[in-house]
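Peer 1: Structure of the sequence below:
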Amino acid sequence: MRQPAWRQVRRRVEVISLRWHARLDSDWADRSLPWILAGGLFVLLTGLALARNRMLVHGVDLADYTQAAWNLGQGEPAEMTVRDAQLLEMHGSLAFYGMAWVTRLLPIQTTLLVAQALALAYGVLPLWRLARRVVLLRVGATIALVVAYGLHPVLQNLNLSDFHPEALAVPALLAMSQRGLSGSTVRYAAAAAAAVAVRADIALLVAAFGVMLVARGRRRAGVVTVAAASAWVVASFHVAALGAGNGYAVVTGAYAELGAGFWDVVGELVTNPLATLGRIVRRENFDLALELLLPVAFLPLLSARWLLVLSPWALLVALADVPDEVRTTVLAAPMLPFVVVGATFGLGHLGRPTLERVSVSPRVIGALLLASLTFTVAWSRASPYEHPWGWGGRDAADRARLDAVERIDDDAVVQATDGLLALVARRPRIEVLASSEDLLEDEVDAVLLDVAAVPRDDPLLEGPPPGFTTAYSAEGVLLYLRPGAGQVQER
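Peer 2: Model prediction:
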């Protein structure tokens, strides 16, 4: 009996798929394809980040890290005056110092954004090795995983949310997972140390991974990991340069409502279990869980042990009072590697073992790709609905912002609205300004305003504060200067 046409087409697709798998399941593919995919992702992420930066779409975080890098380049401590803290006091980000050294030779903001994109793209390499060498997936499933990783909304949004050192931890945690499971002790230790060097409290995730190693039979490596990472966490609460103490754990002031110190916070959580449970199950945390799991089609649930690895960090995030944008980018970044690792093992559980590899059904691969594309379009800031192909241009308002900044002396103390802070960050002191109530009249030399960023009835829109003159006014940009702090616009 003649088969229906759709079955003939399906049969032909399966034959073609098997032929391509046979060609690609080889050493040359493992040597070349991950680098090609990582290079493509790097170009995509870099292009998007630099185009957004050229449009002057900045936040306070880019200003903070630009100022820290500039100060280090001047031979000064990495002060971040908006946060009134030093870089190491914030999160113990030792890794940032190496990057800051590079910015002595290259433009600061471009270097930071390119380095962030490079780190996120580099995560493709350990993910590929994990899928191919540890889980033994075939090339088709591995490519699907790489696509899901590269298009994940958390990764895309992190890339477009100024600069954050946490992005550097993503490839380090992926490499730690791959090397820890493959038995490479030295490389595993180096990757774990690199992750902890990004920020001190990531040691919680490293310690949890050590417990996983113990459960998988690598007891010595696991016990050493747990001991070293736990000691680093404890030390970070007592040594200012390691950054987790003084209220800086996770995000500055994230637990201020619970208490003034570590034991106050713990006591409040333990003595009020219902309130603690309420904080954990609130809507923001549910939304974050969906944003992490849906783009990988809930595959990590098939290998739930990897969700246990990220549970200490996830608990800290769940209990923290932070803006949703921070929760779904900066704080979600260290969880993303373990979500992707869980998805990799989840595919392995769904696959069918063959002589050399685990074969995953094309339907499962298709479902993963569909979920990845769907939720990238829905949640990513690089969604086609945001028209990213049109990014990179500058309008009259952008040119006015740049013109106003050029009129401020390099050594002036500047107070600016948050979207303009990154433009004036290469100075010893900058301060954020939301309204006239925040104005530090006796301490600043220049006040730079984006009119749309302050209340309409704010006195600053009516004229300069006492002791200042209007130095620039055009396209919704206002600059007030003290005499001698810059150049006044020619009338």
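Peer 1: what's the closest non-adjacent residue to Val82?
Peer 2: Leaving aside its sequence neighbours, Val82 sits nearest to Val432 (C-beta to C-beta, 6 or more residues apart in numbering; 5.3 Å). (Glycine included, C-beta is placed from N, CA and C.)
Peer 1: wait, that neighbour sits on Gly59?
Peer 2: No - taking contacts as C-beta atoms under 8 Å, Val432 lies outside contact range of Gly59: 10.5 Å.
Peer 1: joint contacts of the two?
Peer 2: Asp418 (C-beta atoms under 8 Å, 6 or more residues apart in numbering).
Peer 1: Do a quick rundown of the strands in the stretch 301-450 of the chain.
Peer 2: For the stretch 301-450 of the chain, applying DSSP state E, counting those that start in this stretch gives strands covering 352-353, 358-359, 414-416, 430-432, 446-450.
Peer 1: packing partners for the third one?
Peer 2: Where contact means 3 or more C-beta pairs under 8 Å, 6 or more residues apart in numbering; DSSP states H and E, strand 414-416 is packed against strand 430-432, strand 446-450.
Peer 1: Tell me which of these is the most buried.
Peer 2: Mean neighbours per residue, mean count of other C-beta atoms under 10 Å, is largest over the helices and strands packed on strand 414-416 for strand 446-450, with a mean of 24.
Peer 1: what's that strand in contact with?
Peer 2: Strand 446-450 has contacts (C-beta under 8 Å, 6+ apart) with 401, 404-405, 408-409, 412-417, 419-420, 424, 433, 439, 460-461, 464-465, 468, 471, 476-482, 485-486.
Peer 1: and the residues you listed, which of them are in helices?
Peer 2: Applying DSSP state H to those, the entries found in helices are 401, 404-405.
Peer 1: Need the buried ones from these selected in ChimeraX.
Peer 2: Remark: buried members of these, expressed as a ChimeraX selection using 16 or more other C-beta atoms under 10 Å:
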select :401,404,405
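Peer 1: Among the ones in helices among the contacts of strand 446-450, which one sits closest to Phe262?
Peer 2: Val405 (41.4 Å; C-beta to C-beta).
Peer 1: picking that back up, ok, now which ones touch the residue nearest to Val82?
Peer 2: Contacts of Val432 (C-beta under 8 Å, 6+ apart): 60, 82, 415-418, 421, 438.
Peer 1: List the beta-bridge partners for the closest residue to Ala471 other than its chain neighbours.
Peer 2: Nearest residue to Ala471, sequence neighbours excluded (C-beta to C-beta, 6+ apart): Leu481, at 4.1 Å. Judged by DSSP bridges, the bridge partners of Leu481 are Ala446, Thr469.
Peer 1: So Ala194 is in contact with Ala172, correct?
Peer 2: Yes - Ala194 lies in contact with Ala172 (C-beta under 8 Å); the separation is 4.2 Å.
Peer 1: What distance do you get for Val340 to Trp101?
Peer 2: Taken as C-beta to C-beta, to the nearest Å, the spacing of Val340 relative to Trp101 amounts to 30 Å.
Peer 1: out of these two, which sits in the busier spot?
Peer 2: Shown here are Val340 and Trp101; by other C-beta atoms under 10 Å, Val340 has more neighbours (29 against 12).
Peer 1: Tell me which residues of the helix or strand harbouring Ile36 come out buried.
Peer 2: Using DSSP states H and E, Ile36 sits within helix 27-54. Across helix 27-54, burial judged by 16+ other C-beta under 10 Å covers 29-30, 33-34, 37-38, 41-42, 44-53.
Peer 1: which is the next helix or strand following it?
Peer 2: helix 60-73.
Peer 1: Extract the residue ranges of this protein that are flagged as low pLDDT.
Peer 2: Within the chain, the ranges that satisfy pLDDT under 70 run 1-26, 239-252, 490-491.
Peer 1: cutoff 80 now
Peer 2: Residue ranges of the chain with pLDDT under 80: 1-28, 88-92, 237-256, 258-265, 485-486, 488-491.
Peer 1: and it, what are its domains?
Peer 2: 26-388, 396-481 (automatic domain parsing).
Peer 1: Off-centre distance for the last one?
Peer 2: On the basis of C-alpha atoms, centre = their mean, to the nearest Å, domain 396-481 is displaced by 29 Å from the centre of the chain it belongs to.
Peer 1: same check, this time on stretch 113-126
Peer 2: With C-alpha atoms, centre = their mean as the basis, stretch 113-126 stands 11 Å off its chain's centre.
Peer 1: Now that stretch - C-alpha only, PDB.
Peer 2: Extracted in PDB, the C-alpha atoms of stretch 113-126 (Å, rounded to 0.1, in the frame of the first residue of the first chain):
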ATOM      1  CA  LEU A 113      30.400  46.100  27.100                       C
ATOM      2  CA  VAL A 114      32.500  44.100  24.600                       C
ATOM      3  CA  ALA A 115      34.000  42.100  27.500                       C
ATOM      4  CA  GLN A 116      30.600  41.400  28.900                       C
ATOM      5  CA  ALA A 117      29.400  40.100  25.500                       C
ATOM      6  CA  LEU A 118      32.600  38.100  25.100                       C
ATOM      7  CA  ALA A 119      32.100  36.400  28.400                       C
ATOM      8  CA  LEU A 120      28.500  35.500  27.700                       C
ATOM      9  CA  ALA A 121      29.400  34.200  24.200                       C
ATOM     10  CA  TYR A 122      32.300  32.200  25.600                       C
ATOM     11  CA  GLY A 123      29.800  30.200  27.700                       C
ATOM     12  CA  VAL A 124      29.000  28.300  24.500                       C
ATOM     13  CA  LEU A 125      32.300  26.400  24.700                       C
ATOM     14  CA  PRO A 126      31.900  24.700  28.100                       C
END
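Peer 1: Give me the contact list for it.
Peer 2: Stretch 113-126 is contacted by residues 34-35, 37-39, 41-42, 45-46, 49-50, 53, 99, 102, 146, 149-150, 155, 158-159, 163-164, 167-168, 170-171, 174-175, 177-179, 191, 337 when judged by C-beta under 8 Å, 6+ apart.
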